[in-house]
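Colleague: Show me how the following folds:
(chains A, B, C and D)
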Protein chains: 2
Amino acid sequence: MAQFRAFAPEELKFVSTFKRGELVAEPGSMILAEGAHSAQLFTLLSGWAFRYKMLEDGRRQILNYCLPGDLIGLQGSVIGAMEHSVEALSPAVLCVFQRDRLSELFKNHPGLSFDVTWLASREERMLDENLLSLGRRTALERAAYLVAFLHQRAIAVGSVEGKSLLIPITQQHVADTLGLSIVHTNKTLKKLSDKKLIRWHDRACEVLDALGLMEEAGWSGLLEGTRPLI
Amino acid sequence: MAQFRAFAPEELKFVSTFKRGELVAEPGSMILAEGAHSAQLFTLLSGWAFRYKMLEDGRRQILNYCLPGDLIGLQGSVIGAMEHSVEALSPAVLCVFQRDRLSELFKNHPGLSFDVTWLASREERMLDENLLSLGRRTALERAAYLVAFLHQRAIAVGSVEGKSLLIPITQQHVADTLGLSIVHTNKTLKKLSDKKLIRWHDRACEVLDALGLMEEAGWSGLLEGTRPLI
DNA sequence: CGTCGGTTTGATCTAGTTCAACCGCCGTGG
DNA sequence: CCACGGCGGTTGAACTAGATCAAACCGACG
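Modeller: Down below sits the predicted model:
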């Protein structure tokens, strides 16, 4: 696909031996659990997932969403233990890697190593923007930003079939991402609906006006060129 | 120092040629600016700094703090442009690297490449916890968490001279980190002072009871073993 | 046909904001 | 020498964004 960088032949060969198999996850199923010590490393091949953390009393915070091409479980592979969980939002297919061969990747494939670091830096940038959102944006700005952000990411990986896009999340997910209560989230999303920026479906969000959302959020969009895929 | 991993001789040699010079920054001076395209890559050798983003209207969000051993500007070096700024909190000394030789590091020094990725993953973990804080913790929990977190990090790099530690921040920094107003931040910090968990100094925060802070925050602390230093 | 998860709506309450002072300290300029 | 202004911190009063409580709706599904 055009948005991913081209591989060298030996890189392709290594990746195919690095791959151990594929995993199919159902919506709502846990892909990785917080505290898991022997966590696996994955690449999401299709579908949606999300990373989250929880407090003892059940408060949940969604940290970020995973779309096709995203690496899942890198923290666990590099540092040792997972400090967050990952759950599938839609039916998802994952490429499973042999975690213990990551050092081999670093030793023999500098291009791929750089790609891993690139992906980690990209995640960091997304988290930075998210932090700005939670700390300093209003509920309406936050909601508009979140939907515009997911919309752009979905477009970037070609997940938009027809004209419009359905993001497979419930309002509870939105609430737990924005740090708001479910009631207030509902009222905030209604404002976006009233402005004809989105339409809410059964358990999905349709983007009607991406530019309007970005304006509402005061956000100028992601600038991403070609990206690596591992 | 004990907390950093040992280098191989050839790694040490490369790092010394990778190093271009040292930079001394005054408190309040900008180390890297958002939007800078030819951003440099640094390692903080001594002192404190912080990363932040701003909205058009001046709202500021502090994303994380930088302590000795932290890599600064990796996002810019790997992806291309900086999307956040970095400012010194105290007098700081930085090791300046030649950004364009980063690919050489990846090509010839898999151990160091892995270290860079390790540091990026660690930053990601800190951001995750921060996001949880902003989204789901109360003002008092957030403040306690922040102070306990900075305390632990300072101890981990041996920045604590005597018994107690002075974190060189103003209440405005705390407010911009926690996503609160300056007034409410002041009242929240006063509660922590009343509980004898901290003492506020002129433009610094002294930790009196690290365990008490962690309990107040409902946070069990960072678990970090030996770490790389580049 | 009941129940359950997701959504919607109104009423009430509160954590945190905004506004407005004021204090102490320090560096600056007359 | 003193007046000043600015920065960091402190405090009280009024206000509001968002939380909590409560109830109802709706479609899917066993």
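
Colleague: Can you pull the phi/psi pair for the closest residue to DNA strand D within chain A?
Modeller: Going by C-beta to the nearest atom of the strand, DNA strand D is nearest to residue A:184 of chain A, at 2.9 Å. Any C-beta I mention is one placed from the backbone N, CA and C, and that applies to glycine too. Here is the backbone geometry of residue A:184 (degrees, to the nearest 10): phi -70, psi -30.

Colleague: Could you double-check that it sits in contact with residue A:139?
Modeller: Yes - counting by C-beta atoms under 8 Å, residue A:139 is a contact partner of residue A:184 at 6.3 Å.

Colleague: residues shared between the contacts of those two?
Modeller: With C-beta atoms under 8 Å, 6 or more residues apart in numbering or on different chains applied, the contact sets of residue A:184 and residue A:139 do not overlap.

Colleague: Look at those two and report which has more neighbours.
Modeller: Ranked by neighbour count (other C-beta atoms under 10 Å in any protein chain shown), residue A:184 and residue A:139 place residue A:139 first, with 17 against 13.

Colleague: So is the longest helix along chain A next to chain B?
Modeller: Assignment by DSSP state H gives helix A:110-136 as the longest helix of chain A. Yes - counting by C-beta under 8 Å from any C-beta of the partner chain, chain B has neighbours in helix A:110-136: A:110-111, A:113-114, A:116-118, A:120-125, A:127-132, A:134-136.

Colleague: just the buried members of the residues you listed?
Modeller: When these are checked for burial by 16 or more other C-beta atoms under 10 Å in any protein chain shown, the buried set is A:110, A:113-114, A:116-118, A:120-125, A:127-132, A:134-136.

Colleague: follow-up on the earlier one: list the buried residues in the following helix or strand past the longest helix of chain A.
Modeller: Downstream of helix A:110-136, the first helix or strand assigned by DSSP states H and E is helix A:139-156. Neighbour counts over helix A:139-156 (16+ other C-beta under 10 Å) mark A:139-154, A:156 as buried.

Colleague: how close does residue A:153 get to residue A:165?
Modeller: 10 Å (C-beta to C-beta, to the nearest Å).

Colleague: can you pull the contacts of the closest residue to residue A:49 other than its chain neighbours?
Modeller: Nearest residue to residue A:49, sequence neighbours excluded (C-beta to C-beta, 6 or more residues apart in numbering or on different chains): residue A:66, at 4.1 Å. For residue A:66, the contact set (C-beta under 8 Å, 6+ apart) comprises A:44, A:48, A:49, A:50, A:51, A:72, A:86.

Colleague: Can you pull the poorly scored residue ranges out of chain A?
Modeller: Scanning chain A for pLDDT under 70 picks out A:1, A:161-163.

Colleague: ok, now with 90
Modeller: By pLDDT under 90, the low-scoring segments of chain A are A:1-3, A:6, A:35-40, A:80-81, A:98-100, A:158-165, A:223-226, A:230.

Colleague: domain assignment for it?
Modeller: Chain A breaks down into these domains under automatic domain parsing: A:9-99, A:126-217.

Colleague: possible to save the ones you listed as JSON lines with distance to residue B:27?
Modeller: Output for the domains of chain A, formatted as JSON lines (distance: least, C-beta to C-beta, whole Å):
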{"stretch": "domain A:9-99", "distance to residue B:27": "32"}
{"stretch": "domain A:126-217", "distance to residue B:27": "23"}
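
Colleague: Now do the strands in chain A.
Modeller: A:19-25, A:30-32, A:41-46, A:49-54, A:60-66, A:71-72, A:85-88, A:92-97, A:166-167, A:198-201, A:204-207 (DSSP state E).

Colleague: ok, residues contacting the fourth one?
Modeller: With contacts defined as C-beta under 8 Å, 6+ apart, strand A:49-54 is touched by A:25, A:31, A:34, A:60-66, A:72, A:83-89, A:92, A:173, A:176-177, B:128-129, B:131-132.

Colleague: again, only this time at 7 Å
Modeller: Residues outside strand A:49-54 that contact it (C-beta atoms under 7 Å, 6 or more residues apart in numbering or on different chains) are A:31, A:34, A:60-66, A:84-89, A:92, A:173, A:176, B:128, B:132.

Colleague: As a markdown table, the strands of chain A with distance to residue B:189 would be great.
Modeller: Formatted as a markdown table, the strands of chain A follow (distance: least, C-beta to C-beta, whole Å):
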| stretch | distance to residue B:189 |
| --- | --- |
| strand A:19-25 | 44 |
| strand A:30-32 | 37 |
| strand A:41-46 | 41 |
| strand A:49-54 | 25 |
| strand A:60-66 | 23 |
| strand A:71-72 | 38 |
| strand A:85-88 | 32 |
| strand A:92-97 | 44 |
| strand A:166-167 | 39 |
| strand A:198-201 | 39 |
| strand A:204-207 | 39 |
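
Colleague: and residue B:5, which of these is closest to it?
Modeller: Ranking the strands of chain A by proximity to residue B:5 (C-beta to C-beta) places strand A:41-46 first, at 21.8 Å.

Colleague: and that closest one, what other elements does it pack with?
Modeller: Under the contact definition 3 or more C-beta pairs under 7 Å, 6 or more residues apart in numbering or on different chains; DSSP states H and E, strand A:41-46 sits against strand A:71-72, strand A:92-97.

Colleague: coming back round to it: is the longest helix of chain A up against DNA strand D anywhere?
Modeller: No - using C-beta under 7 Å from any atom of the strand, helix A:110-136 never reaches DNA strand D; the gap is at least 10.2 Å.

Colleague: Please list the residues of chain A that sit near chain B.
Modeller: A:53, A:55-56, A:59, A:61, A:63, A:74-75, A:78-79, A:83-84, A:106-107, A:110, A:113-114, A:116-118, A:120-125, A:127-128, A:130-132, A:134-136, A:179, A:218 (C-beta under 7 Å from any C-beta of the partner chain).

Colleague: burial count for the nearest residue to residue A:212 once chain neighbours are set aside?
Modeller: Closest residue to residue A:212 apart from its sequence neighbours, by C-beta to C-beta, 6+ apart: residue A:197 at 4.7 Å. Using other C-beta under 10 Å, residue A:197 has 23 neighbouring residues.

Colleague: what's residue A:197 in contact with, if anything?
Modeller: Contacts of residue A:197 (C-beta under 7 Å, 6+ apart): A:144, A:208, A:209, A:212, A:213, A:216.

Colleague: which of those residues has the most neighbours?
Modeller: Using other C-beta under 10 Å as the neighbour criterion, residue A:144 leads the contacts of residue A:197 with 28 neighbours.

Colleague: wait, doesn't that residue sit right on residue A:216?
Modeller: Yes - shown here, residue A:144 and residue A:216 form a contact pair, counting by C-beta atoms under 7 Å, at 3.8 Å.

Colleague: So which residues on chain A come close to DNA strand C?
Modeller: A:170, A:171, A:172, A:182, A:183, A:186, A:187, A:189, A:190, A:200, A:202, A:203.
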